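[1] How does the following fold in three dimensions:
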Amino acid sequence: MSQTKYVLDRFEGGLAVLVSDQGETRAVPGLKGQEGDVFTLREGAFIPCSGETEARRARLRARMDGIFGKKDKKEP
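    Below is the predicted model:
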């Protein structure tokens, strides 16, 4: 059984706004993380998924490199 994944979209005041893969939005008080972090909901608590977060970030980097070309870090 697959679990719904939520991505930390933004912070609004003291709330973390999470968006699910299905587009559902939830505002969660006191959640720690960075924008783009992935969480699953288990037993009423949002649990960070560091492996999924890194995999999504790697896919996004690869897409951006494909669109804009890979930048040399030495360039200003």
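
[2] so what strands line up beside the helix or strand harbouring residue 10?
    Residue 10 belongs to strand 5-12 when assigned by DSSP states H and E. Strand 5-12 sits in its sheet next to strand 15-20 (antiparallel), strand 38-42 (antiparallel), going by DSSP bridges.

[3] Could you point out the helix or strand that follows the first one?
    Sequence-wise, the next helix or strand downstream of strand 15-20 (DSSP H and E) is strand 25-29.

[4] and for the strand holding residue 10, what are the contacting residues?
    Contact with strand 5-12 is made by 16-21, 25-27, 31, 33-41, 46, 49, 52, 56, as judged by CB atoms under 8 Å, 6 or more residues apart in numbering. For the C-beta atoms, the positions are set from N, CA and C on the backbone; glycine is no exception.

[5] Now the buried members of these.
    16-18, 26, 31, 33, 37-39, 41, 46, 49, 56 (16 or more other CB atoms under 10 Å).

[6] The helix or strand where residue 61 lies relative to strand 38-42, how many degrees between them?
    Element membership for residue 61 (DSSP H and E) is helix 50-68. Helix 50-68 runs at 150 degrees relative to strand 38-42, counting by axes from the mean of the first three to the mean of the last three CA atoms, to 10 degrees.

[7] Just the CA trace of helix 50-68, in CSV.
    This file holds the C-alpha atoms of helix 50-68, laid out as CSV (Å, rounded to 0.1, in the frame of the first residue of the first chain):
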residue,chain,number,x,y,z
SER,A,50,15.0,12.2,3.4
GLY,A,51,15.6,9.6,0.6
GLU,A,52,12.6,10.7,-1.4
THR,A,53,13.6,14.4,-0.8
GLU,A,54,17.1,13.8,-2.2
ALA,A,55,15.7,11.7,-5.1
ARG,A,56,13.3,14.5,-6.1
ARG,A,57,16.0,17.2,-5.8
ALA,A,58,18.3,15.1,-8.0
ARG,A,59,15.6,14.7,-10.7
LEU,A,60,14.9,18.4,-10.6
ARG,A,61,18.6,19.3,-10.9
ALA,A,62,18.8,16.9,-13.9
ARG,A,63,15.8,18.6,-15.6
MET,A,64,17.2,22.1,-15.0
ASP,A,65,20.6,21.1,-16.4
GLY,A,66,18.8,19.6,-19.4
ILE,A,67,16.9,22.8,-20.0
PHE,A,68,19.5,25.5,-19.1
